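[1] build me a model from this:
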Amino acid sequence: MRSVFLLRHSEQPLQQSKGELLADMAWELAGHAMRWREARDRVPLLQPDVVVTDLRVMDGAVTRFIQQLRGRRLRTLVLVPGADEPLLIDALLAGARGYLVEGAKGGGLVAALRALVDDRTRLSPALARQLLERLDIPRLSPSMSSFRLAALDPRAACGYCALSVAQQALLSLIAGGVAHAQAQQERSGLTLHWGLVPAAVFAEKHTKDELHGGGPKGGGQVHHLVVALYDSASGMRIEDAIVRAQLSEAGINESVPKYLLPMRINEQTSFGQLFGVAKSGPYRFRIYVKLPQRADEIEFAVSAWSQHRSEP
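    A predicted model of the protein is given here:
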């Protein structure tokens with residue numbers, strides 16, 4: 001059983017977080033504090049798997065504390081009122097591995113912890129832009145040829161930072177609203193993670209024929225939709241589902257649903273398919289998931305834009 005140390009700014013949110021952990025049998029509370037200096041002394045002794053912390057607690061901002069946790073075998077999850085919180089960038093650069101935008105009544109902590117330990121944390125386009133600006137690293141050109149080369153480039157993006165060119169490319173895609181890093185929805189006990197990127201980004205690793213029997217024949221841009229499924233209660237990956245997706249674009253008749261085929265990524269099964277698009281967006285997908293133990297399909301609705309659109 002994994003353990004969590006809670007660092008909250010006051011008693012009420014501390015009790016809310018305790019309640020969420022106690023309601024889930026997969027996590028145990030290692031300890032708690034409301035001052036980061038107290039947490040700094042206790043965490044090395046308790047050795048939790050995850051530290052969950054507010055950006056500010058009773059003795060100030062926690063950025064220095066997060067920096068001091070670097071090198072330890074644990075992960076840090078930051079709780080924030082909104083993704084535009086200025087200190088969030090500092091916390092991520094200091095070493096935090098993920099963040100949760102927390103509502104007034106709490107909620108979502110257990111799902112965020114599962115995503116954190118499974119390396120399924122997400123990053124918003126606005127936050128990706130802020131990270132690039134803070135690091136003074138330019139966003140890459142939307143040219144597909146540049147992304148194909150950059151996606152495999154391990155060299156440093158600049159002479160004074162640790163960010164690689166490949167990481168710069170990924171942040172550029174997310175910042176442009178193209179790569180939706182682990183965007184997720186939950187419905188009927190099923191959690192869906194999805195992403196949509198130009199198919200050319202994968203050209204250096206997989207041919208279209210290798211992936212899904214060839215790309216769409218209608219011309220235009222080609223994008224790759226990938227889906228990962230998890231049981232919301234247990235957090236277990238679901239690999240035996242039947243998944244279909246239907247694309248619609250404004251002013252164009254809806255396409256026939258296409259099956260998303262199983263594909264192995266990092267030794268786990270996801271589901272993917274190529275879609276030809278005529279415009280720069282928005283692209284709206286209806287994703288239908290059929291589980292072996294259920295008679296009905298579970299339907300999700302997601303939308304995305306192309307990086308080829310002009311920015312306001």
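[2] ok, residues contacting the helix or strand hosting Phe285?
    Using DSSP states H and E, Phe285 sits within strand 283-290. Residues from elsewhere that reach strand 283-290 (C-beta atoms under 8 Å, 6 or more residues apart in numbering): 190, 192, 194, 196, 223, 225, 227, 229, 241-249, 257, 260, 275, 277, 297-306. C-beta here means a position set from N, CA and C on the backbone, and glycine is covered the same way.
[3] which of those are buried?
    190, 192, 194, 196, 223, 225, 227, 229, 241, 243-247, 249, 260, 275, 277, 298, 300, 302, 304-306 (16 or more other C-beta atoms under 10 Å).
[4] sort out which of those residues are in strands and list them.
    190, 192, 194, 196, 223, 225, 227, 229, 243-247, 249, 260, 275, 277, 298, 300, 302, 304 (DSSP state E).
[5] gap between the two ends of stretch 79-90?
    13 Å (C-alpha to C-alpha, to the nearest Å).
[6] which residues are contacting it?
    Under C-beta under 8 Å, 6+ apart, the answer for stretch 79-90 is 8, 13, 52-56, 61, 63, 78, 99-102, 109, 124, 126-127, 130-131, 134.
[7] just the buried residues of the strand holding Phe285, please?
    Buried residues in strand 283-290 (16+ other C-beta under 10 Å): Tyr283, Phe285, Ile287, Tyr288, Val289.
[8] direction included, what does it pair up with?
    Here strand 283-290 has these sheet partners by DSSP bridges: strand 242-249 (antiparallel), strand 297-304 (antiparallel).
[9] between these, which gets nearest to Gly71?
    strand 297-304 (37.0 Å; C-beta to C-beta).
[10] send me the closest one as PDB with only the CA atoms.
    Written as PDB, here are the backbone C-alpha positions of strand 297-304 (Å, rounded to 0.1, in the frame of the first residue of the first chain):
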ATOM      1  CA  GLU A 297     -21.400   1.400 -24.700                       C
ATOM      2  CA  ILE A 298     -19.900   4.200 -22.700                       C
ATOM      3  CA  GLU A 299     -19.800   7.500 -24.700                       C
ATOM      4  CA  PHE A 300     -17.300  10.300 -24.300                       C
ATOM      5  CA  ALA A 301     -17.200  13.700 -26.100                       C
ATOM      6  CA  VAL A 302     -13.800  15.500 -26.600                       C
ATOM      7  CA  SER A 303     -12.600  18.300 -28.800                       C
ATOM      8  CA  ALA A 304      -9.300  19.700 -30.000                       C
END
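[11] what mean pLDDT does that strand have?
    Strand 297-304 carries an average pLDDT of 85.
[12] now swap in stretch 37-49 and tell me
    Per-residue scores along stretch 37-49 average to 96.
[13] what's the answer for stretch 9-16, then?
    94.
[14] buried residues in it?
    Buried residues in stretch 9-16 (16+ other C-beta under 10 Å): His9, Pro13, Leu14, Gln16.
[15] and if you look at stretch 56-74?
    For stretch 56-74, by 16+ other C-beta under 10 Å, it's Val57, Val62, Thr63, Phe65, Ile66, Gln68, Leu69, Leu74.
[16] re the thing from before, nearest to Pro44 among the buried residues of strand 283-290?
    Among the buried residues of strand 283-290, and counting by C-beta to C-beta, the member closest to Pro44 is Val289, at 43.2 Å.
[17] relative to Gln47, which of the strands paired with strand 283-290 is closest?
    strand 297-304 (38.3 Å).
[18] helix, strand, or coil at Ile137?
    The assignment at Ile137 comes out as coil when based on DSSP: H, G, I helix; E, B strand; the rest coil.
[19] ok, and the closest non-adjacent residue to it?
    Ala157 (5.2 Å; C-beta to C-beta, 6 or more residues apart in numbering).
[20] and the gap between that neighbour and Glu85?
    Relative to Glu85, Ala157 is positioned 25 Å away (C-beta to C-beta, to the nearest Å).
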